[in-house]
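*Asks:* the sequence isn't on hand, but the structure is:
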């Protein structure tokens, strides 16, 4: 099979144009908000940024996972996963506003100081370790390290994959990617834990949780898998995917989404169970702000709509095997990822849970940009990994 | 061979690959046979649809088992901690629902999996020490590397000669009559 085949259909062009449009308009309106009220803008920006970061890194994680496990599910989403992982460049650029807005993000709220403005001594001082760790220089240096690791993993996975397409020696490249991916997954999770601590957990520097990074990794995996289901359903409406994607593929992806949803809920609940049972003042603050008042309503939404409803819907075999059903569930789950990240970060700034207009515009803008770049990346390569030695399992006539 | 009366149960064709079996099964269904059954050493993708298998009560029963387990688990903890032995433990509410979740979850899994396993066996009428197909000597291969398709005599359309001919036309490697000894 030549690489000319499996070209992206016109729907990917439409996705790109739509992404650019919503991204452009969203960013322009967000700029107005940034000029009017920078603090509010950055409060919306941080959770929106964590969402697109999650879509990208979750895809990188799933990409490495499918290299390790093998399987048909990985072959049908490998190119979309690679395209999504290449969005790390976009995510790197989008990190600039986080740096610019540090003083609005990490300076605490009305009742508490953040790590940027905490007193050096006295009752409200941070611990000696934190004073040495949570510094502007440390924050920036570590961010550089995180991005170097992610970009390196992304680059190797993408380069080796294209060489597998072009150079032959399919089994050799397959093995190399597998050997990279096994430690790569561990590296991604460790680095993501540090990044989650720096960028999100340090919003409330007096509170800590050891499973925090895993909650992020679980959420990122859901976001990425849900996005892949939406993309596969979109692609399956036209050539060349239309003849290849069967109910069985959707069933596999749906089952994985179901499992990841449970994994995330398990991580999130573990944290709640331990902190709730311990009921210690320095730990319970996280849930006191998030489970009472207006934020309590959002907490219920995250639990019931974010976990419960998708869990029940995805129990059904028919729902997982029907393109229109499973893609709607997936879109809903991506929306609930936004609500979850909103609930994780925003209560640090305000007790008002009703979203501001920026809380709507900024995520739309960033996801629009993300989709635009994703579609652009997707068009660069054949939609199926033509060099994969197991491609015949998806394309039966390739069997030799 | 003995004085036992033996009755025709059906006719069975043997195939070497799962693909041949699935293809043959589809053809036999297309020919109008309803009472057919396939036997394979491992699960074969697409075979259930080919045999015309549509609905089973196992998923529904499993769901009900899970709900019963979950409600039972939570109910037990609630009943013990909030009704029969109300104890103030560190000032926590009697209905400490967060702490009840692990047991609720485990009981849900237990209820669902027990019901799934038991209802699967019951609805399949297992264990079944005797089945007419066992009378065919080559059938032992169904648990190693051969694939069997049986057209049963209770089918309204059944006619031994025709069914055998159909299996032959589908390249069954061996065709055996299946006798049921009463």
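*Replies:* Received the coordinates, thanks. This is a predicted model, so every value here is computed, not measured. Residues are numbered from 1 along each chain as shown, chains lettered A, B, ... in the order given.
*Asks:* contact residues of chain A facing chain B?
*Replies:* A:248, A:269, A:272-273, A:276-277, A:279, A:315, A:317 (CB under 8 Å from any CB of the partner chain). All C-beta spots, glycine's among them, are computed from the backbone N, C-alpha and C.
*Asks:* looking at chain B, which strand is longest?
*Replies:* strand B:6-15 (DSSP state E).
*Asks:* go through that one and flag the buried ones.
*Replies:* B:9-15 (16 or more other CB atoms under 10 Å in any protein chain shown).
*Asks:* now the residues of chain A next to chain B as CSV including distance to residue A:25 and neighbour count?
*Replies:* What follows is the residues of chain A next to chain B, written out as CSV (distance: CB to CB, whole Å; neighbours: other CB atoms under 10 Å in any protein chain shown):
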residue, distance to residue A:25, neighbour count
A:248, 39, 13
A:269, 38, 19
A:272, 38, 18
A:273, 43, 14
A:276, 42, 18
A:277, 47, 14
A:279, 47, 12
A:315, 38, 14
A:317, 40, 13
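*Asks:* widest-spaced pair of these?
*Replies:* A:248 and A:279 (47.9 Å; CB to CB).
*Asks:* count of neighbours near residue 100?
*Replies:* No chain in the question, so chain A it is. Other residues near residue A:100 number 14, with proximity taken as other CB atoms under 10 Å in any protein chain shown.
*Asks:* hm, I was asking about chain B
*Replies:* Residue B:100, neighbours per other CB under 10 Å, totals 19.
*Asks:* check residue A:106 too.
*Replies:* Neighbours of residue A:106 using other CB under 10 Å come to 25.
*Asks:* contact partners for it?
*Replies:* A:114-116, A:134, A:139, A:202-203, A:205 (CB atoms under 8 Å, 6 or more residues apart in numbering or on different chains).
*Asks:* and if you look at residue A:219?
*Replies:* By CB under 8 Å, 6+ apart, the contact set of residue A:219 is A:54, A:58, A:264, A:337, A:340-341.
*Asks:* for the residues you listed, which one is nearest residue A:284?
*Replies:* So of those, ranked by how close each gets to residue A:284 (CB to CB), first place is residue A:340, at 19.9 Å.
*Asks:* just confirm that closest one is within a helix.
*Replies:* Yes - counting by DSSP: H, G, I helix; E, B strand; the rest coil, residue A:340 is located in a helix.
*Asks:* now it: closest residue in space that isn't a chain neighbour?
*Replies:* residue A:302 (5.1 Å; CB to CB, 6 or more residues apart in numbering or on different chains).
*Asks:* wait, isn't the one you found in contact with residue A:339?
*Replies:* Yes - in this structure residue A:302 lies within contact range of residue A:339 using CB atoms under 8 Å: 6.1 Å.
*Asks:* returning to that earlier point: now flag whichever of the contacts of residue A:106 is closest to chain B.
*Replies:* Using CB to the nearest CB, residue A:203 comes nearest to chain B of those, at 23.8 Å.
*Asks:* ok, the nearest residue to the closest one once chain neighbours are set aside - how many residues close by?
*Replies:* Closest residue to residue A:203 apart from its sequence neighbours, by CB to CB, 6+ apart: residue A:348 at 4.3 Å. Neighbour count of residue A:348, defined by other CB under 10 Å: 22.
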